[in-house]
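> build me a model from this:
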Amino acid sequence: MKWHKLREKNAEELDKELSNLKKELAKERASLAAGTRPEKPGRIRHLRRTIARILTIKREKELEEIKRAVVKDRKKEEKKKEGKKRKMTLEKKGVVEKNLLKKDKKKDVKTKKSGGVKKK
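I've put the predicted structure just below:
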């Protein structure tokens, strides 16, 4: 069977096709073991390769699903980090503003104590 035809099938259809091919391969091997001459000698090779193709396509689809899940998780984590960064920057701005206010108050207190006139 061709690659493009196999890729169009879903997981259930691939499983059915795989089980049918395995049964067929077992029959061919049994006929060889019995000593009869096979009608198509290249059939066993063809069956083995088609089975391998199906297994490969199934694995590729599994990996694709895993990759999609990982990408979704990464996007969620990035959004969380962005939110934390925004929050942190806002908090830092607040801290800076508080520090500036404290410095202004200290300056006001110093000028009030001295009365604006320097004593010798």
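> pLDDT below threshold where in this protein?
1, 81-120 (pLDDT under 70).
> what segments of it are helices?
For the chain, the helices defined by DSSP state H occupy 3-8, 11-34, 43-114.
> counting contacts, what elements does the second one pack onto?
In this structure, helix 11-34 makes packing contacts with helix 43-114, judged by 3 or more CB pairs under 8 Å, 6 or more residues apart in numbering; DSSP states H and E. Every C-beta, even on glycine, is put in place using the N, C-alpha and C of the backbone.
> please apply the same query to the first one.
For helix 3-8, the contact count by 3+ CB pairs under 8 Å, 6+ apart identifies helix 43-114 as packing neighbours.
> show me the contacts for L6.
Residues near L6 by CB atoms under 8 Å, 6 or more residues apart in numbering: L14, E17, R53, I54, I57.
> of the residues you listed, which is the most crowded?
The most crowded member of the contacts of L6, judged by other CB atoms under 10 Å, is I54 (20 neighbours).
> hmm, back to that, and the contacts of L6 as JSON lines, adding distance to P41?
Below are the contacts of L6 laid out as JSON lines (distance: CB to CB, whole Å):
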{"residue": "L14", "distance to P41": "27"}
{"residue": "E17", "distance to P41": "23"}
{"residue": "R53", "distance to P41": "20"}
{"residue": "I54", "distance to P41": "22"}
{"residue": "I57", "distance to P41": "27"}
